[in-house]
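Peer 1: Could you work out the structure for the sequence below:
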Amino acid sequence: MPDVSLPAIFAGIPLKNPSLFRRICVPIGDPAAWIETPDHRVAIVRDIEMDRVRGSSNADRVVCPADYEPAGKLDADRETATAQAVAEYCRRENLASVRVDRTLPFVFAWHLQQAGIELSYDSDLGVIDRRQKTEQEISWLAEAQSVTETVMRFICETIARSTVAADGTLVHDGETLTSERTRAMAAAEFLRRDYSMSHGAIVATAPDVADCHHAGTGALRTGVPVIVDLFPMNNQTRYWGDCTRTVVHGQPTEMVRKMHAAVVAAKAAAVKQLRVGQTAESVHLAADQALLGAGFDSSRGTVSDQPTIQHGTGHGIGLDVHEPILLDLGGGPVLEREVFTVEPGLYGRSVGGVRVEDMLVVRDGDAQNLNQLHEGLDWT
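Peer 2: Okay, the predicted model is just below:
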């Protein structure tokens, strides 16, 4: 077990490293570092970023690499120079051993080791604190999910209210409505609200949707379910929304109705199990057993013609759209104020797929659902 009294180091590029960003609080695109002891916090950032970090973070000191120049001078490469400065800081402060997290770039590890500093890997560092959200973080996630639902409603209603060409394909504003075009419409709606779809979106129908993470291609068709999975990031807070609904233009088949009823029941079973002290595995098994009990098989890792279970039940969410822990086999105890998606689904080449996804906060008692949008197939 790592010694949690050791100083902790986070390093990398805050724009790409959520654990570092959560401390620096500025989405810097250049290398930076954060050195934290029980009673002192130091940020090492590029000189032009120092004032912003002073104003946004709770660092006790904000310095730049030039403030900790080693005897051999700083390298011209910014990442190397920042790593040199971190090692020099540790040398001057007599830090013989430090804790590091799973995201530490090797350039920082190498320079620390070259300076004779022992690295103690802590698998929970930067994980547990992000799993247990603050109320402010929950508010940001709720805001992101509300915006996601607004765009979700627009997209699902657009699909449901389209006209139909002679070949059964959908038409919107005189043009064929495709997966690609629908995603572009969603991206434009999010952009107007200062959100970005940096990981894309899913608007998928049969047969592509048999692969549950396929983004979808080609024309949408009447009578065939369309899975719409939107997961945008708020460009200001950098917290994510993540919501999935399934829409059918026209009348769904009896099989699709059966799939939808099973998925909604599975989600309800998982939500009921999502409580402090329960395991993430038990939440997944509640959903899994509901789907199996409804007559659907599991074929994880294998795309199938008939509708089957393809994935776990959900994941953590926050500064990343997918965060630990997973609601899946092996998942450990859930913690108060963790935020999860719950998203059971069924997928097959022949009839298409159905998935419904909400975002929930683990509370002392029933989980708090951050969604308000209906779960149905009819969006007219």
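Peer 1: Check the burial of Gly348 by counting its neighbours.
Peer 2: 23 (other CB atoms under 10 Å). For the C-beta atoms, the positions are set from N, CA and C on the backbone; glycine is no exception.
Peer 1: how near is it to Asp378?
Peer 2: Going from Gly348 to Asp378 by CB to CB, to the nearest Å gives 21 Å.
Peer 1: Can you tell me the closest non-neighbouring residue to Gly277?
Peer 2: Once flanking residues are discounted, Gly277 sits nearest to Pro333: 6.2 Å by CB to CB, 6 or more residues apart in numbering.
Peer 1: ok, that neighbour - contacts?
Peer 2: Gly277, Gln278, Thr279, Ala280 (CB atoms under 8 Å, 6 or more residues apart in numbering).
Peer 1: Quick check: phi and psi on the second one?
Peer 2: To tie it back to what came earlier, the one meant is Gln278. Main-chain torsions, Gln278, degrees, to the nearest 10: phi -70, psi 160.
Peer 1: Looking at the longest helix seen in the chain now, give me its mean pLDDT.
Peer 2: Counting residues, the longest helix found in the chain (DSSP state H) is helix 135-160. In this model, helix 135-160 has a mean pLDDT of 99.
Peer 1: just to revisit the earlier point, show me the contacts of Pro333 that map onto helices.
Peer 2: Members of the contacts of Pro333 lying in helices (criterion: DSSP H): Ala280.
Peer 1: out of the contacts of Pro333, who's nearest Tyr68?
Peer 2: Using CB to CB, Ala280 comes nearest to Tyr68 of those, at 41.6 Å.
Peer 1: any idea how far Pro324 is from the closest one?
Peer 2: 9 Å.
Peer 1: what about these two, which has more around it?
Peer 2: Between Ala280 and Pro324, Ala280 has the larger neighbour count (other CB under 10 Å), namely 27 against 19.
Peer 1: doesn't Gly316 make contact with the more buried one?
Peer 2: No - contact status for Ala280 versus Gly316: not in contact, 9.0 Å apart, counting by CB atoms under 8 Å.
Peer 1: Common neighbours of these two, please.
Peer 2: With CB under 8 Å, 6+ apart as the test, Ala280 and Gly316 both reach Ile325, Leu326.
Peer 1: And stretch 245-257, how far out from the chain middle?
Peer 2: From the chain centre to the centre of stretch 245-257 is a distance of 28 Å (CA atoms, centre = their mean, to the nearest Å).
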